[in-house]
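Everything below, folded, please.
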Amino acid sequence: MAEVKQELSIRGESIQRVYSFFEDENLFVNRKYQRKLVWNLEEKKSFIDSLVLGYPVPLFLFAEMIHKKKNVLEIIDGMQRLNAILSFIDQEFQISEGYFDLETIPETKLKVDRKELSQKFPKLGREICVSFSSYLLPFSTYRKGATDSIDEIFRRINSGGRQLSRQDIRQSGSLGNFSEIVRKISTKIRGDDSAQDTLVLNKMKDISISNSSLEYGINVDEIFWVKQSILPREKVRESRDEEIIADVLAYMLLDEKPYSNKELLDSYYGIYTSKINEERYNKLENKIQKDTPALIISQFLLVYDELRVILSKTNKQFNKLMFRDASSNVPRYFQAIFLALFELIIQKNKKVRDYAALIQKLDNIGSHINVGTGAGGVWTAADRTNSVNAVLGIIESAFSTREDGDPALSSWTTEFENILMQSFTEQSMYDFKQGFFRLDSSNAFDETAFGKYIKTASAIANIGPSSVGYLIIGVADCVSDAEKIEATYGVSRQKYNNFYVFGIEHEAAKAGKSLDDYFNFVVSKIKSQPIIDDFKSQLTRNIRLINYFGKSVFVITIKSLDEPVIYGEKYYERNGNETKELKPSEFPSLFKRFHH
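Numbers count the residues shown, from 1 in each chain. Next comes the predicted model:
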């Protein structure tokens, strides 16, 4: 028998100490296998009650990792429980007797003094809070930090599937390209995408989905699947949206069009018991390697963005477009429409010729296609193909051949929204500006502000080698600026989450220029800035004017160079969402980032 080497240390850590880990941003989540925050308020309260009563709780399992040269703990099991503890201390909810007393531990007392937290009432008794904060949580830490080992531990822990949906089990048990593509597309459509797969636990609520009595960063009612009445809220929390995406992808990628049921979905993730399903899994993975994950994702999102444009022009929810007497659960109809659009836009290289005609053809289309009612939840291959072909026959005349190159390069709608959402977890990499013109009586181009924007771009480039950030122009990220723009220019806004998209058409009009001329004007302004030629070239190559539901927005992608970037005679760096000038004593640290 092979020798087994113990890689675990098991110890008790007080809740107070765990809160310190949290405040110091030493607790990390790997989104490749961790779920979003899914516990509801009652589940959180029940767990806190168990701790207050001194009941034993299951092990918390971590892996010791190095992040930015410091030791941190990556959560393998226990994220929901940790969030319950930390959010209870931070006054997000109370148990029956009251809220946690913030005077109990130094960390929360300091946050009160800094006005970062406010005590809510009624308060729990001090003795109860002291006992709670002293409770020793059972910590098991895996010291071998290899990623493949952590993945294997997570799979084994969750193989029984307790408290996980079937789709969560599939995702946690697969290392294939298919599962990774499904995960990435799903997060982009839900809006809980993050720039990095690993992020601090502190940021998880910014990109988790709200539920009853718990307001997280993403409003569940605004998620595409729920907003369009394709799936009910609880099904999205159970990752049913990922099952739909997996079903659609398999149909897109496989030459022999598959039927649809739960067992076949398992096989796409490498969970199979038959030779034919093993062969199907290998065909999928080979197809992905051939086409590349990046291309497949971009094509999927291109079709998705086109569907959203169509829906925006109908002023109807998807289910009400399908049927006049709408059902609230129409995932098969979504698949039929999506796959028909995929065939037209990607495979036949066509574009919408007449939106009005297309919308007329789609209106009540569900009454004219049969998606089948196979026994045991099976959607047969024949029924799926017939549904797609029926949609094609109805809508194809509203399309014409595309003549402007690769369609996968022409859509930014979902990507733009993901950039907005990623800014919540990586503030230093993103900056948003309402425009280049002053919001005062002069309404003039603001030369000083423009210089500050490019200075900010230089600071983003100085974050480190291989870093990528964004400067977005045409978006206000606070309601006061949004109100000023509306009052000054009389333009409407397109709201997404807490961002207000105005675009820059009103500025181009003020400057007496077309959008193309205004774009060239901005490029010329960048070239006049006191930055080195390589950085000027990088910025001007990576500036785009994208269309977001009728609003034209500048997106400047900022990539680091091989050396730090100087603006004027000074170096700058980002501290959160602030840009600060570096002192000469800080130069060695800056240059060290680029020369390891």
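
can you give me the strands for the stretch 101-250 of the chain?
All strands of the stretch 101-250 of the chain, identified by DSSP state E, counting those that start in this stretch, fall at 136-142, 198-200.

Can you point out the buried residues in the last one?
If I follow you right, that is strand 198-200. Within strand 198-200, the residues that qualify as buried are L199, V200, counting by 16 or more other CB atoms under 10 Å. To be clear about C-beta, it is placed using only N, CA and C from the backbone, and glycine gets the same treatment.

So what's the gap between it and the chain middle?
13 Å (CA atoms, centre = their mean, to the nearest Å).

Can you give the contact residues for it?
Here strand 198-200 makes contact (CB atoms under 8 Å, 6 or more residues apart in numbering) with E25, L27, F28, V29, N30, R31, H67, E74, T425.

Same check on the longest one?
Residues from elsewhere that reach strand 136-142 (CB under 8 Å, 6+ apart): 7-15, 18, 57-64, 73, 76, 149-150, 153.

Could you identify the buried members of the contacts of strand 198-200?
Counted by 16+ other CB under 10 Å, the contacts of strand 198-200 give E25, L27, F28, V29, N30, R31, E74, T425 as buried.

Strands - which of these land there?
Judged by DSSP state E, those include L27, F28, V29, N30, E74 as members of strands.

Restricted to buried residues, select the contacts of strand 136-142 in PyMOL.
Restricted to buried positions by 16+ other CB under 10 Å, the PyMOL selection for the contacts of strand 136-142 reads:
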select buried, resi 13+15+18+60+61+62+63+73+76+150+153
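
Return the subset of the contacts of strand 136-142 lying in strands.
Those of the contacts of strand 136-142 lying in strands (DSSP E): 8-14, 60-64, 73, 76.

any weak-confidence spans in this structure?
1-6, 144-163, 173, 327-328, 373-376, 405-410, 596 (pLDDT under 70).

How is it partitioned into domains?
8-160, 220-409, 426-594 (automatic domain parsing).

Of the ones you listed, which is nearest D192?
Closest to D192 of the domains of the chain, according to CB to CB: domain 8-160, at 6.1 Å.

Would you point out the most distant pair within the ones in strands among the buried ones among the contacts of strand 198-200?
Once CB to CB is applied, these give L27 and N30 as the farthest pair, at 11.5 Å.

Quick check: neighbours shared by the two?
I75.

related to what we said a few turns ago, any chance of the contacts of strand 198-200 in a markdown table, plus distance to L117?
Formatted as a markdown table, the contacts of strand 198-200 follow (distance: CB to CB, whole Å):
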| residue | distance to L117 |
| --- | --- |
| E25 | 17 |
| L27 | 18 |
| F28 | 23 |
| V29 | 22 |
| N30 | 28 |
| R31 | 27 |
| H67 | 26 |
| E74 | 26 |
| T425 | 21 |
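
F587: which of those is nearest?
Nearest to F587 among those, with distances taken as CB to CB, is H67, at 24.3 Å.

Identify the bridge partners of the closest residue to that closest one other than its chain neighbours.
Take H67 and drop its neighbours on the chain: the residue closest to it by CB to CB, 6 or more residues apart in numbering is F28, 6.5 Å away. On the basis of DSSP bridges, F28 is bridged to E74, V200.

Out of the buried ones among the contacts of strand 198-200, flag the one nearest to R190.
Closest to R190, out of all of the buried ones among the contacts of strand 198-200 and judged by CB to CB, is R31, at 12.2 Å.

hmm, back to that, now for the residue nearest to H67: which residues touch it?
F28 neighbours (CB under 8 Å, 6+ apart): M65, H67, V72, L73, E74, I75, T198, L199, V200, L201.

what's across from the second one in the sheet?
Put plainly, it is H67. Here H67, judged by DSSP bridges, has bridge partners K70.

Distance of it relative to M429?
Going from H67 to M429 by CB to CB, to the nearest Å gives 16 Å.

Now do the buried residues in stretch 370-386.
V371, G372, V378, W379, D383, R384, N386.

tally of neighbours for V468?
Residues within reach of V468, counting by other CB atoms under 10 Å, total 14.

Ok, the one 3 residues further on next?
Residue neighbour count, defined by other CB under 10 Å, stands at 21 for L471.

Let's verify it: helix, strand, or coil?
Assigned with DSSP: H, G, I helix; E, B strand; the rest coil, L471 falls in the strand class.

do N547 as well
strand.

That one bridge partners, please.
S552.

What's the local residue count around it?
N547: 16 neighbours (other CB under 10 Å).

That one and G503, how far apart?
From N547 to G503 the distance is 9 Å (CB to CB).

Which neighbours do those two have in common?
Common neighbours of N547 and G503 (CB under 8 Å, 6+ apart) are V553.

Just want the most central residue of the protein.
In the chain, the residue lying closest to the centroid (CA atoms, centre = their mean) is D193, at 1.3 Å.

Against F554, how distant is N547?
For N547, the distance to F554 - CB to CB - is 12 Å.

ignore the last one, R31
Taking CB to CB, one finds R31 at 29 Å from F554.

Now render the buried ones among the contacts of strand 198-200 as TSV, adding distance to I128.
Converted to TSV, these look like this (distance: CB to CB, whole Å):
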residue	distance to I128
E25	28
L27	25
F28	30
V29	29
N30	34
R31	35
E74	32
T425	34
